[in-house]
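>>> Predicted model and sequence below, questions to follow.
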Amino acid sequence: MEMTETINMGNSASWRGHRYIGLACRLFIGGVFVGACLFKIKDPEAFALAIATYDILPTSLINLTAVILPWLELSSGLLIIIGIKVRASALLISGMMIMFMIALAVALTRGIDMSCGCFASQEAGDQISVMTMFRDVFFLLPALYVLVFDTHPIGVCSLRRAKTDG
C-alpha cells in the first residue's frame, strides 16, 4: 500500500501545486544537507570530535558515525534535489533531523557548551543554543512537507515516467 493511500488528506493532498512547493522545499533542504556534509567529509576527525562532545554514542561508534553520516547526508541531499527516491530521501532527512534535534536537546539540557558540528568545524564558533533548535525545526518542516504532500515530485523520476507514458 502506498503512503498516499494510508494518509487520507482529502482533496488537498492531490493539489498540483504541491509539486512546485515540494520542489522548492526539496532544493532548500537538499542544499542544506549537501552543504552540511562538506566539512564533515573533508575533516572526519573534527566531526568525530563534535559527535564525541555530545556524549551520547558509545565511543566504539563515534568514528564509524563520523565516516558514514556525512555520506548519508550527501546522498539523501543529492537524491532529493534531483528527484530520485524523493519520498524515501525526505523520510531519511526527516529522521536525521529528528535525531539531530534529540542530540541537541540532550546537550542543551546537560548545559554542554559546544559547537553543533553541523556546518563547520569546532573552531567556527557555531555554538548550540535554543536558536539552533529553532533552526533545526525550520529545516525539518520542508522535509516533512515533501514526505506528506509531494506525492508526484518534479525530477528525474517524473521525467522517466513521462517518457514511458508517452
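Perfect, thanks for sending it.

>>> In contact with the residue minimising distance to the centre of the chain: list those residues for me.
Nearest to the geometric centre of the chain sits I93, at 3.0 Å (Cα atoms, centre = their mean). Neighbouring residues of I93 by Cβ atoms under 8 Å, 6 or more residues apart in numbering: 29, 33, 76-77, 80, 143. All C-beta spots, glycine's among them, are computed from the backbone N, C-alpha and C.

>>> run the last query once more with 10 Å
Residues near I93 by Cβ atoms under 10 Å, 6 or more residues apart in numbering: 26, 29-30, 32-33, 72-73, 76-77, 79-80, 139-140, 142-144, 146-147.

>>> Which ones among those map onto helices?
Within those, residues falling in helices by DSSP state H are 26, 29-30, 32-33, 72-73, 76-77, 79-80, 139-140, 142-144, 146-147.

>>> List buried members of the residues you listed by neighbour count.
By neighbour count, with 16 or more other Cβ atoms under 10 Å, those hold 26, 29-30, 32-33, 73, 76-77, 79-80, 139-140, 142-144, 146-147 as buried.

>>> in the chain, which spans are helices?
3-6, 17-42, 44-54, 59-82, 86-110, 130-149, 156-165.

>>> Looking at these, which is nearest to C116?
Closest of those to C116 is helix 130-149, at 5.5 Å (criterion: Cβ to Cβ).
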